[in-house]
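Trainee: Structure, please.
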Amino acid sequence: MPLRLMRDHPIPAVTEPLQYRAIGVVRGIFRPDSDDQTTRGHLVDADGQELEAVVLGRMLTLMRRHIDLGQPHLWVVYPRCREAGQLHLQIAGIWEPSTLSPADPEEGTKDVAPDRLPEGDDYFSIRGELIYTKPETSEVVVKVRQLPRADGFRPLPFKLQLSGDVELAHLRHFVSLDVRRQGQLLQVESVDVIAPMPTRGGKGRGGSSRRGGARSRPARS
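Mentor: Residues are numbered from 1 along each chain as shown. Modelled structure (predicted):
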């Protein structure tokens, strides 16, 4: 089901222990770079912070036909860190039940959920391998893998630079992070260490076999 049509929550529940992902929500106004280039632009939040953004293809029709781009919306986004200190967002959906919820065919009314989430705005769920951490400078890097596409193309893993205090003991472990956007940074709020990452031969750092985890399919971010 496309993210833009999900009615319960824009961030799906985790279905596998070693499920990779990087997804979040940002409230703001999308401003295209130009009338001719409507897929690239910036999300501008309530504080005037501009976040570089690109619209994924499946969102274009929805935005053109149903969304008032002059108003702020809660966008479902995939984060990327192409330059240090600069967040890049891929817009994959919108969380706005008040606008997008379909009418009940029998009652002729909308079953409307709130346009706000329990986690609040600017929440991100990041799951992947902790490949770098420096607690004294609050530097964290997580590697995220993506599923092969329908055409067989296998996207390369990508790295996300985060800010937070994560212990060195968790290096090379699969972690699940609750993260909050603060300006151009993604700040770690909580860490759940899932398991040591499998190594060649199917054994994790602790020496126990992790063959089942090694076969886990990575999720789309």
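Trainee: Now do the buried residues in stretch 181-196.
Mentor: With burial defined by 16 or more other Cβ atoms under 10 Å, the residues of stretch 181-196 counted as buried are Arg181, Gln184, Leu185, Leu186, Gln187, Val188, Val191, Ala195, Pro196. From N, CA and C alone the C-beta is placed, and that goes for glycine too.
Trainee: In its sheet, which strands sit next to the helix or strand hosting Ser125, and in what direction?
Mentor: Using DSSP states H and E, Ser125 maps to strand 123-134. Sheet partners assigned to strand 123-134 using DSSP bridges are listed as strand 21-32 (antiparallel), strand 139-144 (antiparallel), strand 173-182 (antiparallel).
Trainee: Distance check, the most centrally placed residue in the chain against Pro79.
Mentor: Nearest to the geometric centre of the chain sits Ile23, at 1.0 Å (Cα atoms, centre = their mean). Distance, Ile23 to Pro79, using Cβ to Cβ, to the nearest Å: 8 Å.
Trainee: Find the residues that touch each one of these two.
Mentor: Residues touching both Ile23 and Pro79 by Cβ atoms under 8 Å, 6 or more residues apart in numbering: Phe124.
Trainee: related to what we said a few turns ago, okay if I get the strands paired with strand 123-134 as TSV plus distance to Ala46 and mean pLDDT?
Mentor: Listed next are the strands paired with strand 123-134 as TSV, based on distance: least, Cβ to Cβ, whole Å; pLDDT from 0 to 100:
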stretch	distance to Ala46	mean pLDDT
strand 21-32	7	96
strand 139-144	26	97
strand 173-182	12	98
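Trainee: Relative to Ile11, which of these is closest?
Mentor: strand 21-32 (5.5 Å; Cβ to Cβ).
Trainee: Now the longest helix seen in the chain: average pLDDT?
Mentor: Longest helix in the chain, counting residues (DSSP state H): helix 60-66. Looking at helix 60-66 alone, the average pLDDT works out to 82.
Trainee: List the buried residues of it.
Mentor: Those would be Leu62, Met63, for helix 60-66 by 16+ other Cβ under 10 Å.
Trainee: one step back: does the residue nearest to the centre of the chain touch Val14 like I think?
Mentor: No - using Cβ atoms under 8 Å as the test, Ile23 is too far from Val14 to be in contact (11.1 Å).
Trainee: Residues in contact with both of those two, list them for me.
Mentor: With the criterion set as Cβ under 8 Å, 6+ apart, the contacts of Ile23 and Val14 do not overlap.
Trainee: Pretty sure Ser11 sits against Pro118.
Mentor: That one is not Ser; residue 11 is Ile. No - Ile11 is beyond contact range of Pro118, at 10.9 Å (criterion: Cβ under 8 Å).
Trainee: So between those two, which is more surrounded?
Mentor: For Ile11 and Pro118, the more surrounded residue by other Cβ atoms under 10 Å is Ile11, and the numbers stand at 18 against 7.
Trainee: my guess is that one is in a helix, correct?
Mentor: No - counting by DSSP: H, G, I helix; E, B strand; the rest coil, one finds Ile11 to be coil, located in no helix.
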